[in-house]
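**Q** need the 3D shape of this:
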Amino acid sequence: MNLKYRHELKYFINQHQYQIIRQRLKNLVKQDKHVGPTGEYAIRSLYFDDINNKALHEKLGGIRDRAKYRIRIYNNDDRIIHFEKKIKFRDYIAKLKEPLTREIAEKLISGNYEVLRHSDKPLLIELHEEMKNNLLRAKVIVDYVREPFVCENGNVRITFDKDLRTGLNEVDMFDANLHCVRAIDDNLIILEVKYDEYIPEYIRLALQLEGLNRQSASKYVMCRKFLKTNSWEDY
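**A** Numbers count the residues shown, from 1 in each chain. Modelled structure (predicted):
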């Protein structure tokens with residue numbers, strides 16, 4: 001598997017900071033080509049973890065090198081479904097992904113890993129082994145709205161993630177009417193900055209990152225804390 005590692009910075013910002021930074025960026029960079037008329041799109045991910053909640057405990061324990069698995073869709077649409085593995089290595093991140101059909105996605109969500117038994121895709125072979133040997137299973141839905149900006153210099157991607165919600169114990173990620181509850185303070189937005197080798201100085205000045213509240217809590221962890229207690233949720 002070919003991995004492209006990138007830097008990733010995360011910050012909590014309030015509505016006032018968001019308005020200021022967003023206004024600066026609009027004069028400097030372009031919006032992502034996939035946004036809708038509002039300049040945003042919706043992201044829904046269903047995260048998986050194993051019988052020991054390895055991904056959760058490694059994050060809470062501060063383990064630097066770790067990985068998470070998820071199925072992701074956009075705008076509650078099943079035309080594009082990806083299974084993804086997000087890898088953290090030291091201060092870098094990388095992502096691997098493979099497309100899924102809705103039929104296969106639903107079987108994986110139900111715990112049926114045999115649908116991947118004859119796959120020739122390394123990532124899906126890995127998923128099959130994780131589900132079979134380590135009881136990797138769907139755990140929590142993470143739902144939010146993203147407003148993305150991109151800058152070709154340094155391959156910088158800046159996103160404002162808003163209205164973070166979780167689907168509690170429900171795992172039907174294709175349900176457009178899924179009942180989700182807010183998993184973050186109403187006034188908070190998650191600012192993420194991803195880049196290859198450098199952030200151009202004019203972008204750094206616009207973001208003024210040094211004055212922001214850098215945070216490490218993942219959306220997965222923030223949403224897991226809202227889960228109702230199940231036999232595997234007693235962490």
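**Q** list the buried residues for stretch 26-45?
**A** Buried residues in stretch 26-45, counting neighbours by 16 or more other C-beta atoms under 10 Å, are found at 29, 32, 40-41, 43-45. Using the backbone N, CA and C atoms, a C-beta is placed for each residue, glycine as well.
**Q** inside strands: which ones of the residues you listed?
**A** Within the buried residues of stretch 26-45, residues falling in strands by DSSP state E are 41, 43-45.
**Q** ok, of these, which one's closest to Ile73?
**A** Arg44 (5.3 Å; C-beta to C-beta).
**Q** hang on, isn't that closest one packed against Val140?
**A** No - shown here, Arg44 and Val140 do not form a contact pair, counting by C-beta atoms under 8 Å, at 11.3 Å.
**Q** could you say which helix or strand holds Lys162?
**A** strand 156-166 (DSSP states H and E).
**Q** in the chain, which helix or strand is least confident?
**A** The weakest-scoring helix or strand in the chain, judged by mean pLDDT, DSSP states H and E, is strand 213-214 (a mean of 86).
**Q** in the helix or strand following that one, which residues are buried?
**A** Counting by DSSP H and E, the next helix or strand C-terminal to strand 213-214 is helix 219-224. Buried residues in helix 219-224, counted by 16+ other C-beta under 10 Å: 219-224.
**Q** what does helix 219-224 contact?
**A** Helix 219-224 is contacted by residues 45, 47, 55-56, 59-60, 68, 70, 139-142, 144, 161, 164-166, 183-184, 190, 233 when judged by C-beta atoms under 8 Å, 6 or more residues apart in numbering.
**Q** and it, average pLDDT?
**A** Mean pLDDT, helix 219-224: 92.
**Q** what of stretch 36-45?
**A** For stretch 36-45, mean pLDDT is 94.
**Q** same question for stretch 180-192.
**A** 92.
**Q** do the same with stretch 18-33
**A** Rounded mean pLDDT across stretch 18-33 is 94.
**Q** quick one, helices of this protein?
**A** Along the chain, counting by DSSP state H, helices occupy 15-26, 54-60, 102-109, 122-133, 201-207, 219-224.
**Q** so for the third one, what gets flagged as buried?
**A** It refers to helix 102-109. 104-109.
**Q** got TSV for those residues, with pLDDT too?
**A** Listed next are these as TSV, based on pLDDT from 0 to 100:
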residue	pLDDT
Ile104	97
Ala105	97
Glu106	95
Lys107	96
Leu108	97
Ile109	95
